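Engineer: this is the structure alone, sequence omitted:
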């Protein structure tokens, strides 16, 4: 036997093998539809008996395996069902002839056969036949299941007759020697009358009868026959058949202990035999030696009186521990024969399935390791794929997930072996996907953002590269892009600089044909591949929502309650809402955005790649209100530090807007990156209130701008500085233009004036205005201009100034032996004599007799600088007082007295 059946399990020893095959040209879909209905009839109750027959169906079975039917009867094809299409009576003879040819293929072992004919009608179809069933079409065949049950009953009749014939000793008749195919030449010329030879024949026949009893639903009898066969075969060292007897004993014990089966593909099986069913609750009750003992007695039905004593002494059913020991012994005997490699391999598989139920994983792995090294003939590529797939499945059942993934990956690579004319890349890709869990790999990028990396990164990268290669050979560029994106996103920390360059180059070449998207890819088998956003290209460390520029910030109008009254809650602290307040403090923004104005969000990013990273179409992702994101493009240098990036957009409606993340386009892959999926990102809050659009006012004046700022801005005010120079008593008009440059009408205008006077030396009103004409133009619609006039009249009151000289000195006018100076203009430079007139007097404080003035007319210019703030305007009023001195010999003391007198007169 050269073709192993990797799907075999211990309970298959009690089944009858039936082959279902098509004859001629039969549509594949129609064949498997009928095959499915036939194979559904897998258990049949025997009439007038408590026995149950189990059927195993195959649509393909190698004829050479049928030759081992005497060694193990469940390998023998005992039933044949053929399906054919026949549309006319002329085709019927040829169709029937093909049916007979198929019967000859398994003729030596067949108990019965059936032919199902579809499409033939007329006299031939109306003739009653037992071996042929006619149906008009594949849709009109309601009696298929009933005919199968009748067919199985006919198989049982033949099986029972053979069992009775082989089990009954016939005195004087020689027991034939049962052989496997490779043994026939070894027994030529042996002495058939020797005691050793007779024991060999008896042991093999007793084992064969045990197989028939097990198939016939007589579990108790089969256990007795297997025990007797083991004793006989052990005495003559017939190791191959001794191994088969031990395996049969294990199979019968497994069927008893595990009625649900070990293959994991059938439902609970019915208990075998009446006495076994009655003792089902005591199956695992240990005996005095720790072994489950089933005390059963056989009737003499099929067993002569000479064997009754042996039956009573039988050990019967094995315990779960003894089952594994006997399997090991049987496999060791199989290993002595080179031609029994398939039998040994299948026995290992059966033992592993039993150990998986017993949850003895380490022992099961030993059986599997032995199965790996069993040398069979040169297997075809298809058989290698099947072998590695079954090994993977068995390792998975015992919990060896990584070993399972290893063999499944080998099976995947075998699907695309160079020796195969048409490599199965789809099968290869499917098997590679099934290996992912074994290597702690998931195709969901969210699984890699939770904690530390799991699994061997080098093996995972190799597997992802193989998925990319298989996708490319399948002709599916979207899969290539998705897997490469996943590789770059999740394995970025493990890639070398050269590997990063190679992966990105491959990704760009694929995205040139098929750009990467955020859509879920659904595979033909229903598996869904989630999108892979590039949250690491670039890496974002902080997100900050920015306030509007000062000129665009909204200011809340003062309410009647006043600014210091809080309307949020009357309680200082409440333990119920403490937690929610903490969250609000973390998320709430203390400023507002305005509908229709450009709003900004600042991101601190850096490039982890060893080359320049170009990010295109980078914008904001928001919810809550309609938001127009204005995408940006940036280029980050290689392995750059933190780099500020400002993303802008315009809210179109009002309400609460939440910044959820951002979108990018990197290497041709479009990504939607959510802040919740970014680990370690710092943010000042994500939600801000958007208020309705506000008017925007532009102010211009008739006066020139000033280069100096007279009062620093508080941050909440917008100031424009203009200057004007006036004499005391002089008046001038200031024309202010108000233009509405926004989209909303301007409804209200308030004008206030504030005099900035730090030393309070000036008195009087400088500014006056009348807003009646201006307010008539309100509400001021968008694009309209309104004007109003401010009258400026300088009226300085210098009365009640007792120490004017000291005040003037405080304003920056110095009076000393040096030139008299003002902070605004250069004054007359006095001439200093080389010798003082009276040194003693000149040393006195306040004595200025040493200073002399020129004889011609001179001007003393005194400048006093004051500031008046009007709304957003600042006016500089400069007052000059011109004094003339005509006396040639006037001393500085007299000049000062005259100066004070003139000021008082003014």
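Structural biologist: Done, it's in. Please read these numbers as outputs of a predicted model, since none were measured by experiment. Residues are numbered from 1 along each chain as shown.

Engineer: do a quick rundown of the helices in the stretch 151-300 of the chain.
Structural biologist: Using DSSP state H, counting those that start in this stretch, the helices assigned to the stretch 151-300 of the chain run over residues 195-215, 219-235, 239-257, 274-278.

Engineer: possible to save the ones you listed as JSON lines with distance to residue 603, mean neighbour count and mean pLDDT?
Structural biologist: Just so you know, the C-beta spots here come from the backbone N, C-alpha and C atoms, and that holds for glycine as well. Formatted as JSON lines, the helices of the stretch 151-300 of the chain follow (distance: least, Cβ to Cβ, whole Å; neighbours: other Cβ atoms under 10 Å; pLDDT from 0 to 100):
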{"stretch": "helix 195-215", "distance to residue 603": "74", "mean neighbour count": "23", "mean pLDDT": "93"}
{"stretch": "helix 219-235", "distance to residue 603": "74", "mean neighbour count": "24", "mean pLDDT": "94"}
{"stretch": "helix 239-257", "distance to residue 603": "65", "mean neighbour count": "26", "mean pLDDT": "95"}
{"stretch": "helix 274-278", "distance to residue 603": "73", "mean neighbour count": "13", "mean pLDDT": "37"}
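
Engineer: need those in JSON lines (columns: distance to residue 646).
Structural biologist: Formatted as JSON lines, those follow (distance: least, Cβ to Cβ, whole Å):
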{"stretch": "helix 195-215", "distance to residue 646": "81"}
{"stretch": "helix 219-235", "distance to residue 646": "81"}
{"stretch": "helix 239-257", "distance to residue 646": "72"}
{"stretch": "helix 274-278", "distance to residue 646": "80"}
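
Engineer: of all those, which one is nearest residue 468?
Structural biologist: Evaluated over those, closeness to residue 468 peaks at helix 239-257, with 44.8 Å, by Cβ to Cβ.

Engineer: angle of that closest one against helix 195-215?
Structural biologist: 30 degrees (axes from the mean of the first three to the mean of the last three Cα atoms, to 10 degrees).

Engineer: next, the angle helix 219-235 makes with helix 239-257.
Structural biologist: Using the same axes, to 10 degrees: helix 239-257 against helix 219-235 is 150 degrees.

Engineer: out of the helices of the stretch 151-300 of the chain, nearest to residue 448?
Structural biologist: Here helix 239-257 is closest among the helices of the stretch 151-300 of the chain (Cβ to Cβ), at 43.3 Å.

Engineer: elements contacting the closest one?
Structural biologist: helix 195-215, helix 219-235, helix 320-334, helix 341-358 (3 or more Cβ pairs under 8 Å, 6 or more residues apart in numbering; DSSP states H and E).

Engineer: can I get those helices in CSV with distance to residue 739?
Structural biologist: Formatted as CSV, those follow (distance: least, Cβ to Cβ, whole Å):
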stretch, distance to residue 739
helix 195-215, 104
helix 219-235, 104
helix 320-334, 96
helix 341-358, 85
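
Engineer: residue 168 is nearest to which of those helices?
Structural biologist: helix 195-215 (9.6 Å).

Engineer: ok now that closest one, how far from the chain's centre?
Structural biologist: Distance of helix 195-215 from its chain centroid, counting by Cα atoms, centre = their mean, to the nearest Å, is 60 Å.

Engineer: what helices and strands are in contact with that helix?
Structural biologist: With contacts taken as 3+ Cβ pairs under 8 Å, 6+ apart, helix 195-215 sits against helix 144-167, helix 219-235, helix 239-257.

Engineer: still on that earlier bit, out of the helices of the stretch 151-300 of the chain, which is closest to residue 145?
Structural biologist: Among the helices of the stretch 151-300 of the chain, the nearest to residue 145 by Cβ to Cβ is helix 195-215 (21.7 Å).

Engineer: check for me that residue 671 belongs to a strand.
Structural biologist: Yes - the assignment for residue 671 (DSSP: H, G, I helix; E, B strand; the rest coil) places it in a strand.

Engineer: pretty sure it is touching residue 677, no?
Structural biologist: No - Residue 671 is beyond contact range of residue 677, at 10.8 Å (criterion: Cβ atoms under 8 Å).

Engineer: the more surrounded of the two?
Structural biologist: The residue with more neighbours, out of residue 671 and residue 677 and counting by other Cβ atoms under 10 Å, is residue 671; that gives 24 against 14.

Engineer: helices of the stretch 351-500 of the chain, start to end?
Structural biologist: 361-372, 381-397, 401-415, 425-435, 457-474, 477-490, 497-511.

Engineer: between these, which gets nearest to residue 87?
Structural biologist: helix 381-397 (33.9 Å).

Engineer: give me the helices and strands touching that closest one, please.
Structural biologist: helix 341-358, helix 361-372, helix 401-415.

Engineer: most tightly packed of these?
Structural biologist: Comparing the helices and strands packed on helix 381-397 by mean neighbour count (mean count of other Cβ atoms under 10 Å), helix 341-358 comes out on top with a mean of 23.

Engineer: how far off helix 320-334 does that one point, in degrees?
Structural biologist: 170 degrees.
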